[in-house]
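J.: Quick one, fold the following:
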Amino acid sequence: MSCEPCGGLTIPASFEENCNLITKDCGIQRLYGALCSYEFTDLEQETFDAAIAAEALAAFPIGNVTITAASGTAIKISACKEIPGRTTYTLAYSSVSMSEGIEMYTYWKNIFAAKVNLTIFWQGCDGLWFINQEWATWNNDGASPGSAPTTEPIGFNASMTTPPLLVRNDANELCEWQVTFTIKFDNVLVPTEIPGLVI
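T.: Numbers count the residues shown, from 1 in each chain. Take a look at the predicted model:
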C-alpha cells in the first residue's frame with residue numbers, strides 16, 4: 001500500500017517514564033451549564049464569578065454522569081484507507097437531588113428552555129477541566145494575553161437529546177432526574193488545568 005506523507009506529523013515518545021505504569025480512576029466530578037452567548041475574556045476566577053452573577057453559568061445539581069462515544073460508519077477516503085465516521089459523545093446525567101415543592105420542576109423547565117443556547121463543560125475527578133477545545137488549547141499553550149478565543153463559548157455545544165425526566169429508581173426506591181446530552185467532536189477531548197478555580 002502506498003503512503004502519502006503529510007507535513008508536520010510526528011509519532012511522539014510515550015509519556016511513561018522508565019516503563020513505570022501509572023493507573024488512575026476517571027469520571028466526572030461536576031457538570032456545568034453555560035449560555036453560548038456569554039463572552040469569556042480569560043479563565044480567571046473573577047471571569048467565572050461574573051458569569052455566575054449574570055446567570056449565564058451554573059453547576060447542575062450534584063449527580064452522576066457517564067460518557068460513551070460512538071463513531072458513525074467509517075469513511076472511505078481511498079481504495080485502501082478508511083477513517084472513523086463522525087464521533088458523538090453521549091453524556092447521560094442522573095441526579096437524586098430533590099427540592100421541596102415545585103422548585104425543582106421550575107429549575108429543570110428553565111434548563112430545558114435554554115436548550116438551544118446551552119453549552120456544557122465539566123470537571124473531572126482528577127481536577128482537570130473539560131471545556132471548549134479552543135479554550136483548552138489556548139490555556140494549554142500558555143494562555144498568551146490578547147489571543148484568547150473570546151468568540152468561542154466556554155462549554156461544548158451540546159444537544160439535549162432527552163428532556164429532563166423525573167423517574168423512579170426502583171432498586172434504591174428513590175426518584176431521580178435524568179437528562180441526556182450529545183456532543184459531536186471528531187477527536188480526543190483534551191482537558192486543561194485551571195488551578196484554584198471554584199465554581
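J.: CA atoms of the lowest-mean-pLDDT helix or strand in the chain as CSV?
T.: Across the helices and strands of the chain, mean confidence by mean pLDDT, DSSP states H and E is lowest for strand 75-78: a mean of 74. Included here for strand 75-78 are C-alpha records, laid out as CSV according to Å, rounded to 0.1, in the frame of the first residue of the first chain:
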residue,chain,number,x,y,z
ILE,A,75,-15.5,7.0,5.8
LYS,A,76,-13.6,5.6,2.8
ILE,A,77,-11.0,8.2,1.8
SER,A,78,-9.3,6.0,-0.8
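J.: Which strands or helices does it pack on?
T.: Counting contacts by 3 or more CB pairs under 8 Å, 6 or more residues apart in numbering; DSSP states H and E, strand 75-78 packs against strand 81-83. In this view, the C-beta of every residue, glycine as well, is placed from N, C-alpha and C.
J.: who touches the strand it packs on?
T.: 1, 74, 75, 76, 77 (CB atoms under 8 Å, 6 or more residues apart in numbering).
J.: and residue 25, what pLDDT?
T.: Residue 25 carries a pLDDT score of 76 in this model.
J.: Spit out the contact partners of it.
T.: So residue 25 contacts residue 125 (CB under 8 Å, 6+ apart).
J.: for it, helix, strand, or coil?
T.: Following DSSP: H, G, I helix; E, B strand; the rest coil, residue 25 is assigned to coil.
J.: so where's the protein uncertain?
T.: Applying pLDDT under 70 to the chain flags the ranges 1-5.
J.: Residue 111 falls within a helix, correct?
T.: Yes. Under three-state DSSP, residue 111 falls within a helix.
J.: so how far is residue 93 from it?
T.: Distance of residue 111 to residue 93, given as CB to CB, to the nearest Å: 11 Å.
J.: Mutual contacts of these two, please.
T.: Residues touching both residue 111 and residue 93 (CB under 8 Å, 6+ apart) are 60, 179.
J.: okay, the two: which has more neighbours?
T.: More neighbours surround residue 93 than the other of residue 111 and residue 93, with 22 against 18 (other CB atoms under 10 Å).
J.: Dig out what the more buried one forms beta bridges with.
T.: The partner list for residue 93 in beta bridges (DSSP bridges) reads residue 65, residue 179.
J.: Residue 130: neighbour count?
T.: Around residue 130 there are 22 residues (other CB under 10 Å).
J.: about what we covered before: who's in contact with the least confident helix or strand of the chain?
T.: With CB under 8 Å, 6+ apart, strand 75-78 has contacts from 82, 83, 84, 85.
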